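Undergrad: Next input, structure requested:
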Amino acid sequence: MIKKLLFMFCMSMNLMNSAAGKMVTKPVEYSSNGDVMEGYIAYDDANKTPMPGILIVHDWMGLRDFTKQKAEKLAKQGYVAFAVDVYGKDVHPKDAKEASELATKYKDDRKLMREHIRAAFDKLVSMSEVDPKKVVVMGYCFGGTVALELARSGAYLVGTVVLHGGLYTPTPQDDSNIKGRVLVLHGADDPNVPPAEVKAFKQEMKAAKVKMKFVAYKGAVHAFTNPEAGNDNSKGAAYNAKADKKSWMELERFLVEVTTGWKQRRQSVVY
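TA: Numbers count the residues shown, from 1 in each chain. Have a look, this model is predicted:
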């Protein structure tokens, strides 16, 4: 009960900090090795001190309204939320075929993937509105893979969140570079991330002594947070309202814990 009250207090403080201001939302250009990228920033200008920053990485369809709306939702809670661009400005796949080709390009070239997400990280921490010591990266589907690669690169993060994302990496030895805690929100029936991949990931996290919590939602498949995925589990990707709601609450709790530090540090690792 006490922990619940503390959580609600921290959330209310975030909301109070941003209650009187104006929501700022705008595209933000940055570069990655000469490539022009364009993300989307959202924050409340009522915040007079640097606030925790959150990088939100899009799914294989690229930066679109789904990710931007998540940024706006988190900005209302007092965070500086940056929906990043991995593909490049004006690169928007028109269908699943193009999306698969783009996602595969980056999955096959982890160096390029890391360069592009690192550029977004550097842009966020350079902003005066952001506390560079309180940055979290989160990603959806393909974005979950990208988020983990940023963490594995050794970026200074207090947290990494994967929502129905790929867990495989060709360089598991880099798991030892992860700073901060990891939260994985997974569809228990996700055919795109089979049990063998989940098992290997858990073993890698444990071997690297990463503080990780893994939550699997029964009956949920890939893309369970996205209403556009439809409701047919047999297709392998489908929206699940219950899992969506529960996972968002888990995310909110995690963000408060890693950015405020109110929870006891001696937390058991959940595998």
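Undergrad: what's near enough to touch the residue nearest to V161 when sequence neighbours are not counted?
TA: Spatially, and ignoring its direct neighbours in sequence, V161 is nearest to M138 (3.7 Å; C-beta to C-beta, 6 or more residues apart in numbering). Bear in mind the C-beta positions are built from the backbone N, C-alpha and C, glycine included. With contact taken as C-beta atoms under 8 Å, 6 or more residues apart in numbering, M138 is in contact with I54, L55, I56, V57, A147, T160, V161, V162, L163, L251.
Undergrad: Helix, strand, or coil at M138?
TA: The three-state assignment at M138 reads strand, by DSSP: H, G, I helix; E, B strand; the rest coil.
Undergrad: ok, what's across the strand from it?
TA: Here M138 shows beta-bridge partners I56, V161, assigned using DSSP bridges.
Undergrad: Quick check: it vs P132, distance?
TA: In this view, M138 and P132 are 17 Å apart by C-beta to C-beta, to the nearest Å.
Undergrad: Please apply the same query to D175.
TA: With C-beta to C-beta as the criterion, D175 and P132 are 23 Å apart.
Undergrad: can you pull the contacts of the closest residue to D189 other than its chain neighbours?
TA: Leaving aside its sequence neighbours, D189 sits nearest to V221 (C-beta to C-beta, 6+ apart; 5.0 Å). By C-beta under 8 Å, 6+ apart, the residues touching V221 are G187, D189, D190, P191, N233, G236, A237, A238, N240.
Undergrad: what's around D189, how many residues?
TA: 17 (other C-beta atoms under 10 Å).
Undergrad: M249 now?
TA: Considering only other C-beta under 10 Å, M249 is surrounded by 10 other residues.
Undergrad: Let the chain start at 6 from now.
TA: From this message on, residue numbering opens at 6, which makes the last subject M254.
Undergrad: what sits up against the helix or strand hosting L153?
TA: L153 is located in helix 147-157, with elements delineated by DSSP states H and E. Under the contact criterion C-beta under 8 Å, 6+ apart, helix 147-157 has outside partners 60-65, 72, 91, 108, 111-112, 115, 118-119, 122-123, 126, 142-144, 162, 165-174, 176, 179-180, 182-185, 187, 189.
Undergrad: Out of these, which end up buried?
TA: Buried members of the contacts of helix 147-157, counted by 16 or more other C-beta atoms under 10 Å: 60-65, 72, 91, 108, 111-112, 115, 118-119, 122-123, 126, 142-144, 162, 165-172, 174, 179-180, 183, 185, 187, 189.
Undergrad: So which of those residues sit within strands?
TA: L60, I61, V62, V142, M143, G144, T165, V166, V167, L168, V187, V189 (DSSP state E).
Undergrad: From the residues you listed, pick the one nearest Y35.
TA: L60 (12.1 Å; C-beta to C-beta).
Undergrad: ok, now which ones touch that closest one?
TA: F87, V89, I122, A125, F126, L129, V140, V141, V142, M143, A152, L155.
Undergrad: Nearest to V41 among these?
TA: Closest approach to V41 among those (C-beta to C-beta): A125, at 12.6 Å.
Undergrad: Excluding chain neighbours, what is closest to that closest one?
TA: In space, and not counting its chain neighbours, A125 is closest to V89: 3.8 Å by C-beta to C-beta, 6+ apart.
Undergrad: isn't the one you found right up against R123?
TA: No. Here V89 lies out of contact with R123, judged by C-beta atoms under 8 Å, at a distance of 10.5 Å.
Undergrad: centroid residue for this structure?
TA: Centroid-nearest residue in the chain, with C-alpha atoms, centre = their mean: M143, separated by 0.7 Å.
Undergrad: What distance do you get for it to D127?
TA: M143 is 17 Å from D127, where distance means C-beta to C-beta.
Undergrad: Using the three-state scheme, assign K78.
TA: With three-state DSSP as the basis, K78 sits in helix.
Undergrad: what's the neighbour count on it?
TA: Around K78 there are 14 residues (other C-beta under 10 Å).
Undergrad: now do E209
TA: 20.
Undergrad: would it count as being in a helix?
TA: Yes. Using three-state DSSP, the assignment for E209 is a helix.
Undergrad: Next, the residue nearest to it when sequence neighbours are not counted: phi, psi?
TA: In this structure, E209 finds its nearest non-sequential neighbour in P177, 4.6 Å apart by C-beta to C-beta, 6+ apart. When read as degrees, to the nearest 10, the backbone of P177 gives phi -60, psi -20.
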